[in-house]
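> model the following, please.
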Amino acid sequence: MLVRHVEELTLNAWPALNNLMYDGWVLSFSEGYTRRANSIHPLYPSTLPLADKIAACEASYAARGQQTVFKLTDSDLELDATLERLGYASAGTTSVQIADLSRLDSPVDGSVVLRSSLEADWQADFNRLSAIPDRFRATMQRMLRNIAPAHAFASISVGGQSVALGLAVAERGYVGLFDIVVDATVRNQGLGRRIVTRLLQWGRDHNAAQAHLAVIVDNAPALHLYAQLGFTEAYRYWYRHKGTS
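The predicted model follows:
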């Protein structure tokens, strides 16, 4: 099943600090940094009554001082309807896209620097370009250092300063793209395309035949770029949260 496969790859590529398996659901906890790493992923078949499971999840997140958030896909429509009846609001609708890497024929861009492990300057540049709050920076570092599959951190510098960054993670025939960011002062100059293309090439060199990524559905520039690179939508996910967003 494609949805479950890609969701598993994403969980491995962006590892939460702690995961709790609960009757087919994966409960992720990462001290509040990113919804994806602090939400419930209903990936596998369940046996317990739904009302009991939801109540138990709410108790788990409340004990940690966090709101209860579910990450749902097109395969979770029954649960989605139940959560809506319980007052869970919907947010963050995202398109998960897939591309066939056999169509990738661009020459290698030697100006894109690739590193196999997280280094302090890459994270500092990402914090700067993405405006990561101070309180989350140590958590982010721990998560990135916990990535188990093969991975690469990419950067492009202009005038000695990084202006574009990205992360790729390769596993089970796929390469996933994450954390693609370009300095606002140099956007619309092809830097995002260069970062993405180089990471896709790296993925192909690490036995990936396909690529996956996720993009918010209202991010028109990113959707346009990814379409040009051969990405098409495979499914969507969104969040249901109880409490303040």
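
> I'd assumed residue 47 was in a strand, is it?
No - going by DSSP: H, G, I helix; E, B strand; the rest coil, the assignment for residue 47 is coil, not a strand.

> torsion angles phi and psi at it?
phi -120, psi -20 (degrees, to the nearest 10).

> just confirm it contacts residue 25, I think it does.
No - Residue 47 lies out of contact with residue 25 (C-beta atoms under 8 Å); the separation is 11.2 Å. Bear in mind the C-beta positions are built from the backbone N, C-alpha and C, glycine included.

> more neighbours: which of those two?
Between residue 47 and residue 25, counted using other C-beta atoms under 10 Å, residue 25 has the larger neighbour count: 20 against 7.

> that one and residue 151, how far apart?
For residue 25, the distance to residue 151 (C-beta to C-beta, to the nearest Å) stands at 26 Å.

> direction included, what does the helix or strand where residue 19 lies pair up with?
Assigned by DSSP states H and E, residue 19 belongs to strand 18-22. Partners of strand 18-22 in the sheet, by DSSP bridges, are strand 25-29 (antiparallel).

> coming back round to it: just the residues contacting the strand holding residue 19, thanks.
When contacts are defined by C-beta atoms under 8 Å, 6 or more residues apart in numbering, strand 18-22 is touched by residues 11, 26, 27, 28, 29, 30, 53, 56, 57, 60.

> for the host helix or strand of residue 121, name the packing helices and strands.
Using DSSP H and E, residue 121 sits within helix 120-130. Helix 120-130 sits against helix 134-145, strand 150-158, strand 161-171, strand 174-182, with contacts defined as 3 or more C-beta pairs under 8 Å, 6 or more residues apart in numbering; DSSP states H and E.

> burial count for the residue nearest to residue 28 when sequence neighbours are not counted?
The shortest distance from residue 28 to any non-neighbouring residue, by C-beta to C-beta, 6 or more residues apart in numbering, is to residue 16 (3.7 Å). Applying other C-beta under 10 Å, we find 22 other residues in the vicinity of residue 16.
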